[in-house]
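Visitor: below is the structure, and that's it, no one-letter string:
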């Protein structure tokens, strides 16, 4: 493991009456934040535009590379030289490619791995897809597509593509609007929605639009722009997402069944260049408001609720990576409300693509670069 160059050093002296006491001085490579002192370590580099990560039961990690490869990092931080075989063909252009990865809740019995990606059709158009296969002997075997968005496009933006399982074993998939805003308000299109399916791709009987002839039964919520972050609350099991706004208006949303989250009818952002969207409406009856939004945009990425033991003061906080401002933001939670924000490591690591809580209680970070890095935050001092 390699330690990052010292980011900050602090020394203090407390004077009480006529006596002086030296305060505890953190190590030279420590970062002193509002609620924790930590160090940043590079676990491995050499990753090509990494996008998502998932931990295996033995502590090893699967990491997707957007150009189309799936990599294995061992529990001691060694990047396997050869990629895992059997991954799907991807549309690796623009924002597309091999995107998120998740393992089956019963992976120890099933060996199932789930991948979201931009899949290309015979006519050259592409759409958000999810495939699953069994990880055996360094390959994905019996790969099958379990979800295919009906919103194929020739464009290169807004796939969404985060994956997450709720406590009941349902799989959630975020789908971006593919650059066509109006699709997000249509229940006949998958674009701009959060999808809820069973692990085999079938539709749960209690999905909100089952039986509605005017709606796709996989849709759980709609009115989203480009949700590239998803996290399941470790205590409540509820689904949280973040999504990129246009110019301004990045959002954190608490996802509920059948709810319309407004895009593009309402937004806290504007079109690039400053022109209002839909007359500048920010609220409308029947459309949910975000729990939190950023203006100016931070270009949020992966997100995680911290539920480890290494940082007790961070318990229950929501951590979100950011591409534009190259940081991690810690959102302090009280119930379902965000009451404070702290920005960490701004400009220190590069574009943060994903952040996850590891089984060891540490925070893991992926940076979006041709020589991307996997980092971890651990207590210091």
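Guide: The structure has been received and is ready for your questions. Just so it is clear, the model here is predicted, and its values are computed rather than measured. Numbering: from 1, shown residues only.
Visitor: what ranges in this structure fall below the confidence cut-off?
Guide: Residues of the chain meeting the criterion pLDDT under 70: 1-25.
Visitor: quick check, central residue of it?
Guide: residue 302 (2.3 Å; CA atoms, centre = their mean).
Visitor: that one reaches residue 354, doesn't it?
Guide: Yes: here residue 302 reaches residue 354: they are 3.2 Å apart, a contact under CB atoms under 8 Å. Glycine gets a C-beta too; all of them are placed from N, C-alpha and C.
Visitor: who touches both of the two?
Guide: Counting by CB atoms under 8 Å, 6 or more residues apart in numbering, the shared contacts of residue 302 and residue 354 are 52, 321, 366.
Visitor: the first one and residue 64 touch, don't they?
Guide: Yes: Residue 52 lies in contact with residue 64 (CB under 8 Å); the separation is 4.7 Å.
Visitor: in CSV: the shared contacts of residue 302 and residue 354, plus neighbour count and secondary structure.
Guide: Converted to CSV, the shared contacts of residue 302 and residue 354 look like this (neighbours: other CB atoms under 10 Å; DSSP: H, G, I helix; E, B strand; the rest coil):
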residue, neighbour count, secondary structure
52, 27, strand
321, 30, strand
366, 28, strand
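Visitor: do you know how far the residue lying closest to residue 264 once chain neighbours are set aside is from residue 86?
Guide: The shortest distance from residue 264 to any residue other than its chain neighbours is 4.1 Å, reached at residue 181 (CB to CB, 6 or more residues apart in numbering). Separation of residue 181 from residue 86 (CB to CB, to the nearest Å): 36 Å.
Visitor: again with residue 336
Guide: With CB to CB as the criterion, residue 336 and residue 86 are 40 Å apart.
Visitor: what's residue 124 sitting at in phi/psi?
Guide: Dihedral pair for residue 124: phi 90, psi -10, per degrees, to the nearest 10.
Visitor: so how many other residues sit close to it?
Guide: 9 (other CB atoms under 10 Å).
Visitor: return the residues in contact with it.
Guide: By CB under 8 Å, 6+ apart, residue 124 lies in contact with residue 154.
Visitor: still on that earlier bit, what is in contact with residue 52 and residue 64 at once?
Guide: With CB under 8 Å, 6+ apart as the test, residue 52 and residue 64 both reach 99, 100, 101.
Visitor: now do the second one against residue 359, distance only.
Guide: In this view, residue 100 and residue 359 are 18 Å apart by CB to CB.
Visitor: of the two, which one has the most company?
Guide: Neighbour count, other CB under 10 Å: between residue 100 and residue 359, residue 100 has more, with 27 against 14.
Visitor: excluding chain neighbours, what is closest to that one?
Guide: residue 52 (3.8 Å).
Visitor: residue 78 now?
Guide: Nearest non-adjacent residue to residue 78 (CB to CB, 6+ apart): residue 44, at 7.2 Å.
Visitor: so the one you found sits right up against residue 74, yeah?
Guide: No: taking CB under 8 Å as the definition, residue 44 is not a contact partner of residue 74, at 9.3 Å.
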